[in-house]
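Engineer: Give me coordinates for this.
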Amino acid sequence: MNEARPPDISVRVLTTSEAIRVEFIARRPGVTPVRATLVGNDALLRVRHELDTGLTRLKDELTGLFVEDKDLNRVFQSLHSLGRTLLFILFGAQQTVLKEVQRFWIEALPFGMNPAQPPPLVECVGGKDGFLPLEFLPLFRMHAPPVETHDDFITACYTLVGFSCMVRRAILPAPVHGGNTLLTGPQGRVPARYLYYEHLHGAVEELAWFADAGGAHIDLEGPYPDGADRAPSLAEQIFDPRLLLDGTRRDLPDQVQHFACHGYTRSDDTLAAEIELSGAGRYSRTTLGALGADLVALGASQTQREFDLPLVMMNACGSGRMRAPGAPSFPYLFLTNGNRGFIGTETEIPDDVAAAFSKALYERFLVHRIPLGRALLESRLHLLHTLRNPLGLTYAAYADPYLHVHPTAEERSHDTDPANP
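Structural biologist: The predicted model follows:
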């Protein structure tokens, strides 16, 4: 297990009544920090809208889960162009500022694009409205190289931060709670909960993976809704992750809660964002405002929780529902609830991509026990290498990158056995 270390780069979004500033600070000695003022107080809002438009355009250009050779250059140029457009919205055509930012990035991470080196860690901190789409920015190389082969495509994608670095997002004032380990039950299985929309093919595919390939490593509760008349409500399951669908409690709470469902963020009102679930003839569509109100009521009527709350992953799949401008609404809800982290997409992605990404992530994180930050980056790269698909970049993590499954006594013994180096 790698020891936790401070970030190699800290990016802070500082908002005042006069301006919005971005500050880049490196851990590497001798690298001068960069501070830049964004173009206009609405720059971050305009960036979110452009990200949504650009990702929708990119998704439309992908004719399937697998990107054919003939489409590689077009797909990469579209992705890189989106990143440059985001930089223009943030900083305008201020060449001095852009050159300073790129100089800083290269000096701070001289081996940042080298996959043979351990991936650097970048932390991006800001308020709920201080969203900076760091993963999509081509900070290693703002000029788009031509792509002729699959290898060219992989190398070119490393110019984007999200394919070269582990990125941890933090929303102020909502800290990430809990320790950096997920606990396991007696058989070394991780307690997890599955909440879904049953008519999504990808959601059914993910559920099958949990029961089959993940079955020996994951103690799954669900799927929910399951048709039971007395099943706990969505708010009750989020508030007390020990609750089982039959109304009883298990000793060890969920360590992961996985949503494979629809998320709606069309409205500018963050409280109007919605989670849509269905299963076994049951259907629910809940606004974040209503869910938050239920969580407040539960907190007022029940004893203080003395256990860590689970990591939440929201796989927003389907078409035309999730919008980038409202995406921070979901992590903000769960982080203020006290959950130890949140993973979700910036925009809605195709059903098959959602299923492929979540299986890749859990294979690494829950089965092979790779720390979360590295597992997330490797899952993005897995889709990039095997499917030539760059949409893994849309997944953002608001969680400790060193969060990992606590090894069982048998696993610790195996690790220290000289016969098993």
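Engineer: So, low pLDDT: which residues of the stretch 251-400 of the chain?
Structural biologist: Applying pLDDT under 70 to the stretch 251-400 of the chain flags the ranges 266-268, 317-323.
Engineer: What segments of it are strands?
Structural biologist: For the stretch 251-400 of the chain, the strands defined by DSSP state E, counting those that start in this stretch cover 256-264, 274-279, 282-287, 309-316, 339-345, 395-399.
Engineer: TSV for those strands, including mean neighbour count and distance to Ala208?
Structural biologist: Placement of C-beta: from N, CA and C, glycine included. Shown next, in TSV, are these (neighbours: other CB atoms under 10 Å; distance: least, CB to CB, whole Å):
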stretch	mean neighbour count	distance to Ala208
strand 256-264	25	11
strand 274-279	20	14
strand 282-287	15	20
strand 309-316	25	14
strand 339-345	25	21
strand 395-399	25	21
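Engineer: Which among those is found nearest to Asp42?
Structural biologist: strand 395-399 (21.5 Å; CB to CB).
Engineer: Would you pull up how far that closest one lies from the middle of the chain?
Structural biologist: How far strand 395-399 lies from its chain's middle: 3 Å, per CA atoms, centre = their mean, to the nearest Å.
Engineer: Then stretch 337-346?
Structural biologist: That offset, for stretch 337-346, works out to 8 Å (CA atoms, centre = their mean).
Engineer: How about stretch 301-317?
Structural biologist: The mean C-alpha position of stretch 301-317 is separated from the chain mean by 16 Å, CA atoms, centre = their mean.
Engineer: Using CSV, write out every CA atom in that stretch.
Structural biologist: In CSV, the C-alpha atoms belonging to stretch 301-317 read as follows (Å, rounded to 0.1, in the frame of the first residue of the first chain):
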residue,chain,number,x,y,z
SER,A,301,-34.8,12.2,15.2
GLN,A,302,-32.1,9.6,15.5
THR,A,303,-28.9,9.1,17.5
GLN,A,304,-25.6,10.4,16.2
ARG,A,305,-24.0,8.1,13.7
GLU,A,306,-20.8,6.5,15.0
PHE,A,307,-19.6,4.8,11.8
ASP,A,308,-18.1,6.1,8.6
LEU,A,309,-20.5,6.6,5.7
PRO,A,310,-19.9,4.9,2.4
LEU,A,311,-18.2,6.0,-0.8
VAL,A,312,-20.9,6.9,-3.3
MET,A,313,-20.7,6.3,-7.0
MET,A,314,-23.3,7.7,-9.3
ASN,A,315,-23.3,6.4,-12.8
ALA,A,316,-25.6,8.8,-14.7
CYS,A,317,-26.4,6.9,-17.9
